[in-house]
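Student: this one's sequence-less:
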């Protein structure tokens, strides 16, 4: 088994057997329209932490190639084409998320007047604390968190959200402004680009040298999944 195959298998194992176990995402078939709207209104606050997270690691990483990956993803989040060409989309991914909420029946006014719940606030605090902690750890751990928490785990969530909204006849592939476009590891299939998640793989592979590194992998994946589980537990 290759290093990358082992990593992807481990990521999927944490998604299937840890993150999805006993949280509402594992039981979305029973969530109605109101529940999905409530969940996604709160999920916006976690989604909006993605860019600040990338900006923090863009500063803390020393490796220039890794920083270029991170800064490129930041630019694309705000509509910049890979390589600096403008525009990729008409507005940022943050605005696209609001468009998605409108598509499923949440007005922009309602979305912008939503405040984070206590559990959401606690999740954000734990997320930020761990990001600051990783800033003093190895670049392997920082890159793993960017890939898994920011891309792979998020894509798994968005896939389940989209599939449930599609079954509720609130979204289609054509009408979706955000979720469907972020399912495949945040890939925007324009210009034959590589997915955001896979852009981290060369640097991660280079840093996986022994079983001590793999223990660090498991620690990062578990922490990322734990923080995200904490968010969804408020909907149990």
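Tutor: All right, it came through fine. This structure is a prediction, so every number in the text was calculated from the model and none was measured. Numbering: from 1, shown residues only.
Student: three-state assignment of residue 181?
Tutor: Classification of residue 181 using DSSP: H, G, I helix; E, B strand; the rest coil returns helix.
Student: most remote residue from the protein's center?
Tutor: Residue farthest from the centre of the chain, counting by Cα atoms, centre = their mean, is residue 210 at 27.3 Å.
Student: how far away is the nearest residue to residue 92 once chain neighbours are set aside from residue 50?
Tutor: In space, and not counting its chain neighbours, residue 92 is closest to residue 78: 4.8 Å by Cβ to Cβ, 6 or more residues apart in numbering. (Glycine included, C-beta is placed from N, CA and C.) Taken as Cβ to Cβ, to the nearest Å, the spacing of residue 78 relative to residue 50 amounts to 12 Å.
Student: Of those two, which one has the most company?
Tutor: Between residue 78 and residue 50, counted using other Cβ atoms under 10 Å, residue 50 has the larger neighbour count: 20 against 16.
Student: how about the more buried one, what does it touch?
Tutor: By Cβ atoms under 8 Å, 6 or more residues apart in numbering, residue 50 lies in contact with 77, 150, 154.
Student: quick revisit: local confidence estimate at the residue farthest from the centre of the chain?
Tutor: The pLDDT attached to residue 210 in the predicted structure is 94.
Student: what do you get for residue 79?
Tutor: On the pLDDT scale, residue 79 gets 70.
Student: hang on, it packs against residue 91?
Tutor: Yes - contact criterion Cβ atoms under 8 Å: residue 79 and residue 91 qualify, at 6.2 Å.
Student: In terms of neighbours, single out the busier of those two.
Tutor: More neighbours surround residue 79 than the other of residue 79 and residue 91, with 16 against 12 (other Cβ under 10 Å).
Student: ok, now how distant is that one from residue 50?
Tutor: For residue 79 relative to residue 50 (Cβ to Cβ), the value is 15 Å.
Student: just residue 157 next, same as before
Tutor: From residue 157 to residue 50 the distance is 12 Å (Cβ to Cβ).
Student: what sits in contact with each of the two?
Tutor: In the contact map built from Cβ under 8 Å, 6+ apart, no residue is linked to both residue 157 and residue 50.
Student: so where do the helices sit in the protein?
Tutor: 3-14, 33-47, 50-60, 64-77, 93-103, 108-113, 118-134, 139-147, 153-167, 196-199, 201-207, 211-232 (DSSP state H).
Student: Show me what the longest one is packed up against.
Tutor: Under the contact criterion of 3 or more Cβ pairs under 8 Å, 6 or more residues apart in numbering; DSSP states H and E, helix 211-232 touches helix 3-14, helix 33-47, helix 118-134, helix 139-147, helix 153-167.
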